[in-house]
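Q: Could you look at this predicted model? Sequence included:
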Amino acid sequence: MSKIGRRAIALQGVKLEKKGQEVHYSGKNASGVHMLPDVLDLKIENEQLYVFPKTKTFNINEVWGLHRALLSNKITGAGSLFEKQVHIVGLGFKAIAKGKTLEFSLGYSHKIDVAIPDGVTVEIDKTGQMLTFRSANRELVGKICGDLRKLRPVEPYKGTGIRLTTDVVIRKAGKAKGS
């Protein structure tokens with residue numbers, strides 16, 4: 001039995017409708033359709049959604065857990081937005097919003113422009129070093145934050161670079177002075 005697949009999904013005021021293998025959901029932030037495979041089915045009890053297999057097949061746990069997680073992310077995003085915070089550390093490193101793009105100054109000889117995907121909102125603090133991304137699509141928020149981290153990876157000696165606020169940076173000791 002799939003450990004992830006058997007967990008319940010809290011609906012949080014999101015409306016669900018099942019048409020064949022299509023699950024239509026709509027909430028205050030998003031709406032859409034998730035297509036379930038033929039081997040899975042749904043039931044709703046006490047404002048909780050359960051995904052369960054119709055038959056026991058060889059690799060049902062993989063399919064069951066995957067689609068339960070995907071459906072959970074879509075329903076959670078429809079009810080409340082996913083949020084990630086990105087911190088830019090370094091002297092003169094900052095970001096500026098210009099319409100649907102972000103302009104980064106990261107110590108290179110040029111500025112870097114990054115387009116913000118549709119469905120993602122960004123909030124920048126007054127220093128330009130703390131960015132908050134919000135979206136109903138969890139995958140989109142994670143992708144944009146991951147792409148930003150690649151622009152200037154965290155340097156282990158000084159700790160400068162772009163990181164998520166949840167990241168733990170292990171600092172290295174610098175060169176020891178001779179005696």
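A: Thanks, I have it.

Q: give the contact list for the closest residue to residue 160 other than its chain neighbours.
A: Nearest non-adjacent residue to residue 160, counting by Cβ to Cβ, 6 or more residues apart in numbering: residue 90, 3.7 Å away. C-betas here are computed from N, CA, C, even on glycine. Listed by Cβ atoms under 8 Å, 6 or more residues apart in numbering, the contact set of residue 90 reads 106, 107, 152, 158, 160, 161.

Q: And the pLDDT for the second one?
A: Looking at residue 107, its pLDDT is 92.

Q: Residue 152 is in contact with that one, correct?
A: Yes. Between residue 107 and residue 152 there is a contact at 7.4 Å, judged by Cβ atoms under 8 Å.

Q: Overlap in contacts, these two.
A: Shared between the contact lists of residue 107 and residue 152 (criterion: Cβ under 8 Å, 6+ apart) are residues 90, 93.

Q: ok, the two, which is more surrounded?
A: The neighbour count for residue 107 versus residue 152, taken as other Cβ atoms under 10 Å, is higher for residue 152 (20 against 12).

Q: Show me which strand runs longest in the protein.
A: strand 82-89 (DSSP state E).
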